[in-house]
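> predicted model, plus sequence, below.
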Amino acid sequence: MIYGATGYTGKLTARVAAQKGLKPILAGRNASKVQAIAEPLGLEWAAISLDRPNALDKALEKVDAVLHIAGPFSATSKPMLDACIRTKTHYLDITGEIDVFEACAARDDEARKAGIMVLPGVGFDVVPSDCLAAHMKRRLPEAERLEMGIAGMGNMSHGTGKTMVESISTGTRVRRGEKIVALGKTPRRTMDYGKGESNSIAVGWGDVSTAYHSTGIPDITIYFEASKDMERMASLGPAARWVMGTGPVQRFLKKQIERMPEGPTDEQRAASFTTLVGEATDSAGNVVRSRLETPEGYTLTAETGLEIAQRAAAGNVKIGFQTPSNAYGADLITEFDGVRREDLNA
C-alpha cells in the first residue's frame, strides 16, 4: 500500500509504480482525490483516515507492507505505525524528521514482538546519506566524527517545506557524544561537492539520528550547501527562532508554502542531480572522504521507496527498527541508475 498518494511525492511514486508494472493499493484521506489518481493508472484505491483505527487496521490486513508518504510525519507517523504493529504490517516511510526516527527507534521491541520491520526514511531522506555514512564507517572503522554535506536540493514539495518550517524553532541539531543536542550557534564550513570548495551550513537533518544508529559514530553534523535563504535562517537568534515557532507564525508560513508550486516539474527533475560528501575522522586524525552523486531527490525517492517496499512485501526484511544501510547494506544506493560513488582519498 502507498498511503498519502494524493501529495506531490505520493502521486509521483504512484505513477512510477504503474510504469514499473507494480500494483500497489493507493490510499489517502480524500476519496475523490485518491480515485482521480488511481483509476487512470489502473490501480486499486481506498479512502482511509488515520484517525479511524478500525478502518485503517482492516485496510492494512490486506497488505504485507505500507509505504507511508503522508507528511508531516510528526503528526502522521505514530498512528500509522500503531496500526502496523497491531496488524503485523511492515512499516516504511519517507520522513527526514529527527524526532520521527528517534520515536521509531524507541519502538524496536514492539516491532520485534510483532515480527515486523520498521524502516523510516526510505526516500532521498535518508537512503543515499545513510548508505554514505555506512560506507565512511567501513572505510574508517574507528571513526569518531562524521560530517556530511548535501548539495543540489532544488525545489521542495509542500510537505518538505512544511517539515522544514516546523524545525525552525529547534536550533541546529547535531549529535555530540552520542546525544542529540541543539546548538546556539550554527556550524559552518566549506565542502567540495565536485566544483571546488563551497560554503555550507549545518542543518538538523535526519541523519543526525539515523547515521548514529547505522554507524555508532558519536559526533555527527550534517550540512547543506549554503543559499541566501539558508544564510538568513542560520543568522536568526534564539528569540527570533522562538517567534518563528509560535502557532500563528507557523500557520502563516505554511499557508505561504501552499501558494508555491507543488514541487519540481518532470523537466526540472530530469535536469537535476544531487551531490553528497562524507568526511570521517578518527582520534588519531586520520580522515577519509567520499562523494556520492544521485538523481534529483524526488526522482530518487520514488525509486528507492518502491524498491524497498517490494523487498519488504516479499519478506526480504530485518525485523525491528532499521535504517536503510542496516537493512540492506552500505552499497544499496549503488544499485540505482544514475548513482556514482567516489572515494576521494586512499
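Perfect, thanks for sending it.
> now residue 272: how far from residue 66?
29 Å (C-beta to C-beta, to the nearest Å). For every residue, glycine as well, the C-beta is placed using N, CA and C.
> residue 34 contacts residue 49, correct?
No - Residue 34 is beyond contact range of residue 49, at 11.6 Å (criterion: C-beta atoms under 8 Å).
> quick one, which of these two is more surrounded?
residue 34 (26 against 12; other C-beta atoms under 10 Å).
> what about the helix or strand where that one lies, distance to the chain center?
Using DSSP states H and E, residue 34 sits within helix 31-41. The chain centre lies 25 Å from the centre of helix 31-41; the measure is C-alpha atoms, centre = their mean, to the nearest Å.
> what lines up beside the helix or strand following that helix in the sheet?
Next helix or strand after helix 31-41 toward the C-terminus (DSSP H and E): strand 45-47. Strand 45-47 sits in its sheet next to strand 26-28 (parallel), going by DSSP bridges.
> what does the partner strand contact?
Strand 26-28 is contacted from outside by 1-6, 10, 14, 34, 37-38, 41, 43-48, 59, 70, using C-beta atoms under 8 Å, 6 or more residues apart in numbering.
> which of the residues you listed are buried?
1-6, 10, 14, 34, 37-38, 41, 43, 45-46, 48, 59, 70 (16 or more other C-beta atoms under 10 Å).
> just read off the phi/psi values of the most centrally placed residue in the chain.
In the chain, the centroid-proximal residue (C-alpha atoms, centre = their mean) is residue 125; its distance is 2.2 Å. As for residue 125, its main-chain torsions (degrees, to the nearest 10) stand at phi -90, psi 110.
> SS state for the closest residue to it other than its chain neighbours?
Nearest non-adjacent residue to residue 125, counting by C-beta to C-beta, 6 or more residues apart in numbering: residue 96, 3.1 Å away. Secondary structure, DSSP: H, G, I helix; E, B strand; the rest coil: residue 96 is coil.
> and residue 96, how close does it get to residue 17?
21 Å.
> and residue 58, what element?
Short version, using DSSP H and E: residue 58 is in helix 53-60.
> mind giving me the packing neighbours of that helix?
Under the contact criterion of 3 or more C-beta pairs under 8 Å, 6 or more residues apart in numbering; DSSP states H and E, helix 53-60 touches helix 73-87.
> so which elements touch the helix it packs on?
So helix 73-87, by 3+ C-beta pairs under 8 Å, 6+ apart, packs with helix 53-60, strand 65-68, strand 90-93, helix 98-105, helix 108-114, helix 158-166.
> list the buried ones in that helix?
Neighbour counts over helix 73-87 (16+ other C-beta under 10 Å) mark 73-74, 76-77, 79-85, 87 as buried.
> from the residues you listed, pick the one nearest residue 333.
residue 73 (21.5 Å; C-beta to C-beta).
> quick one, what contacts the closest one?
Contacts of residue 73 by C-beta under 8 Å, 6+ apart are 93, 95, 97, 100, 120, 163.
> repeat the analysis, applying 6 Å as the threshold.
Residues near residue 73 by C-beta atoms under 6 Å, 6 or more residues apart in numbering: 95, 97, 100.
> distance of it relative to residue 281?
Residue 73 is 31 Å from residue 281, by C-beta to C-beta.
> can you tell me which of the contacts of residue 73 has the most neighbours?
Neighbour-wise, the contacts of residue 73 (other C-beta under 10 Å) top out at residue 95, 29 neighbours.
> how much space between that one and residue 312?
From residue 95 to residue 312 the distance is 16 Å (C-beta to C-beta).
> now do residue 75
Taken as C-beta to C-beta, the span from residue 75 to residue 312 is 23 Å.
> same question, residue 29
23 Å.
> before we move on, back to that, wait, the residue nearest to the centre of the chain sits on residue 206?
Yes - contact criterion C-beta atoms under 6 Å: residue 125 and residue 206 qualify, at 5.2 Å.
> any shared contact partners between these two?
residue 96.
> ok, and the closest non-adjacent residue to residue 331?
residue 131 (7.1 Å).
> same question but for residue 183, I mixed them up
Per C-beta to C-beta, 6+ apart, closest to residue 183 is residue 172, 4.8 Å.
> give me the mean pLDDT for stretch 87-100.
In this model, stretch 87-100 has an average pLDDT of 97.
> residue with max distance from the center of the protein?
residue 284 (32.4 Å).
> low-confidence ranges in the stretch 51-200 of the chain?
Applying pLDDT under 70 to the stretch 51-200 of the chain flags residues 154-170.
> now with 80, please.
When residues are selected by pLDDT under 80, those of the stretch 51-200 of the chain lie in 153-171.
> out of the helices and strands packed on helix 73-87, flag the one nearest residue 346.
helix 98-105 (32.8 Å).
> what angle do the closest one and helix 73-87 make?
10 degrees (axes from the mean of the first three to the mean of the last three C-alpha atoms, to 10 degrees).
> what's next to stretch 82-93, contact-wise?
56-57, 60-61, 65-68, 81, 110, 114-120, 122, 309, 312, 317.
> endpoints of that stretch, how far apart?
14 Å (C-alpha to C-alpha, to the nearest Å).
> and stretch 284-298, by the same measure?
39 Å.
> same thing with stretch 34-48?
For stretch 34-48, the first-to-last residue distance is 10 Å (C-alpha to C-alpha).
> and what of stretch 337-346?
Terminal-residue distance, stretch 337-346 (C-alpha to C-alpha): 25 Å.
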